[in-house]
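# fold the following for me, if possible:
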Amino acid sequence: MKSDIDVMCLFRLVNVSEERTDYSFLIPNNFVMGTDDCKPCFTQLKGYSCFYDALVTWLSTPYGQELRFESGRGNTTTYAFRIVQNVIDRPLLQTNIHRNAPKASGGVGILLSNWLLKYFNVSVIDKTFEGILGVKFENTSKDLEFILYSCYLPPENSSRGRDAQSFLAHLLTQIYMHSDCVNILLVGDFNARIGSLSETLNQIDNIPKRIAIDNSINQHGHEFIDFLNEAKFCVLNGRFAENDNFTSISRKGKAVVDYFCVPHDSLSNYDNFKVLPIQSIVDMHKLQPLIGERSKLPDHSVITCHLKLMITDLIDEAQPIDPLFNRTRYRLDRIPGDFMSSELRRLAITQVKGACPFKG
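Numbering: from 1, shown residues only. Down below sits the predicted model:
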């Protein structure tokens, strides 16, 4: 059947080796599923030498539709791909993925409970950068608001993870542009291992010390720590030791790469932080009978926390306080010498200036 938009389909190589490899192919909107005349729709695959000038056919199997490439240039190998999953439209969340990307990965999304929509006006405030989705929750009658960013930074050895600075600079720009919001929450997979590196200034920031359970550090971790210091944010991981755990558990090992990040000033608004490995959720709710023999549990844990929102009373009957006795005092002698001079902050400020509607 025809589609009105280009979509991504996830295919699995099923007949070359026992190891399964997933590929994401763009299916153009003029493509008719199940027809033999589909070769023009797969010109994106010419980057793969084994698919170049290949004869493309469809085959219905008991397991679903299979896409087969009978490669040319003297190589008679037939590669069979089976549709595993239809992925949401490319223009929304996958605008910058290369057409020859060998594996579908990443992507961000936010699922909401219906009750939230009864109390908050929900609006998307940012989806301009690959791997970042910002949503604002606002209740004007109660003077309540918070902003949630769902984030995915690809691994540093990935072709899409080599520019972590631009990714983090965009997040820093968003924080600057919405600095009037007290509760900004960054959540997601940053593929950053920060070990025991500190994202706070011990002599200045009055933040509880973080206890690290993953002592490894990678390049993403260093850049992530720089970003947190610039943004005056801290991670919740490691500050609630009772329910802390590794966020990635697989055959490769254990790691902490997924984080909840909040501003220093609003840290006290968050509690009951938990990291729940998927296996523990399955055991807790006795879900084993629902898991198929060929199914594989996700290797990333579920992270939860509670956000306490304070309702502002619109009528303040308190006696006014003399501003001379309530003036904020600052320790200017403790300002770091490199304040506002980092490359990450410079990029963020440049982006803010570019987004400003006023010229001057």
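
# every contact and neighbour count from this point should use C-alpha atoms.
Will do.

# do you know how far Ser268 is from Leu185?
Separation of Ser268 from Leu185 (CA to CA, to the nearest Å): 13 Å.

# so Ile175 touches Glu230, yeah?
No. Ile175 lies out of contact with Glu230 (CA atoms under 8 Å); the separation is 10.5 Å.

# looking at the two, which is more packed in?
Ile175 (21 against 17; other CA atoms under 10 Å).

# point out where the stretch 201-350 of the chain drops to low pLDDT.
202-205, 311-342, 345-346, 348-349 (pLDDT under 70).

# the strands in it, which residues?
Using DSSP state E, counting those that start in this stretch, the strands of the stretch 201-350 of the chain run over 233-235, 248-250, 253-255, 258-263, 270-276, 302-307.

# include distance to Pro208 when you put those into TSV, please.
Shown next, in TSV, are the strands of the stretch 201-350 of the chain (distance: least, CA to CA, whole Å):
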stretch	distance to Pro208
strand 233-235	10
strand 248-250	24
strand 253-255	22
strand 258-263	13
strand 270-276	13
strand 302-307	17
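
# just say which of the ones you listed is most tucked in.
strand 233-235 (a mean of 24; mean count of other CA atoms under 10 Å).

# contacting residues for Leu133?
Contacts for Leu133 (CA atoms under 8 Å, 6 or more residues apart in numbering) come out as Val108, Gly109, Val124, Ile125, Asp126, Lys127, Tyr149, Ser150, Cys151.

# tally of neighbours for the third one?
What it means is Val124. With other CA under 10 Å as criterion, Val124 counts 13.

# skip the chain neighbours and tell me the closest residue to it.
Val135 (4.4 Å; CA to CA, 6 or more residues apart in numbering).

# mind telling me what element that neighbour is part of?
Val135 belongs to strand 132-139 when assigned by DSSP states H and E.

# what is the mean pLDDT for that strand?
For strand 132-139, mean pLDDT rounds to 93.

# buried ones in it, by neighbour count?
Buried residues in strand 132-139, counted by 16 or more other CA atoms under 10 Å: Ile132, Leu133, Gly134, Val135, Lys136, Phe137, Glu138.

# out of these, who's nearest Ser198?
Ile132 (24.2 Å; CA to CA).

# does the closest one really touch Ser166, like I thought?
No. Judged on CA under 8 Å, Ile132 makes no contact with Ser166 at a distance of 11.7 Å.

# just want the angle from the strand or helix carrying Tyr176 to strand 132-139.
Per DSSP H and E: Tyr176 is located in helix 164-177. Orientation note: helix 164-177 sits at an angle of 20 degrees relative to strand 132-139 (axes from the mean of the first three to the mean of the last three CA atoms, to 10 degrees).

# tell me the average confidence for helix 164-177?
pLDDT averaged over helix 164-177 gives 93.

# quick one: which of the strands of the stretch 201-350 of the chain is nearest Glu343?
Of all the strands of the stretch 201-350 of the chain, strand 233-235 comes closest under CA to CA, at 17.6 Å.

# strand partners of the closest one, parallel vs antiparallel please.
strand 258-263 (antiparallel) (DSSP bridges).

# who touches the partner strand?
Strand 258-263 is contacted from outside by 182-192, 231-237, 247-248, using CA under 8 Å, 6+ apart.

# mind listing the helices for this protein?
90-93, 114-119, 164-177, 219-231, 278-285, 343-355 (DSSP state H).

# mind putting these in a markdown table, distance to Thr200 included?
Listed next are the helices of the chain as a markdown table, based on distance: least, CA to CA, whole Å:
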| stretch | distance to Thr200 |
| --- | --- |
| helix 90-93 | 33 |
| helix 114-119 | 33 |
| helix 164-177 | 16 |
| helix 219-231 | 6 |
| helix 278-285 | 31 |
| helix 343-355 | 17 |
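
# quick one, which of the ones you listed is nearest to Pro298?
helix 278-285 (6.8 Å).

# got the angle between the closest one and strand 302-307?
Using the same axes, to 10 degrees: helix 278-285 against strand 302-307 is 70 degrees.

# between Ser268 and Leu185, who's got more neighbours?
Of the pair Ser268 and Leu185, Leu185 is the one with more neighbours under other CA under 10 Å, namely 20 against 12.

# if the more buried one is in a bridge, with which residues?
Leu148.

# and it, how close does it get to Cys305?
Taking CA to CA, one finds Leu185 at 11 Å from Cys305.

# now Phe129
Going from Phe129 to Cys305 by CA to CA gives 26 Å.

# related to what we said a few turns ago, for Tyr119, find the nearest of the strands of the stretch 201-350 of the chain.
strand 302-307 (15.0 Å).

# same for the closest one, what does it pack against?
Under the contact definition 3 or more CA pairs under 8 Å, 6 or more residues apart in numbering; DSSP states H and E, strand 302-307 sits against strand 270-276.

# so what's Gly253 bridging to?
With DSSP bridges as the rule, Gly253 is bridged to Ser250.

# equivalent analysis for Leu307, please.
Here Leu307, judged by DSSP bridges, has bridge partners Tyr270.
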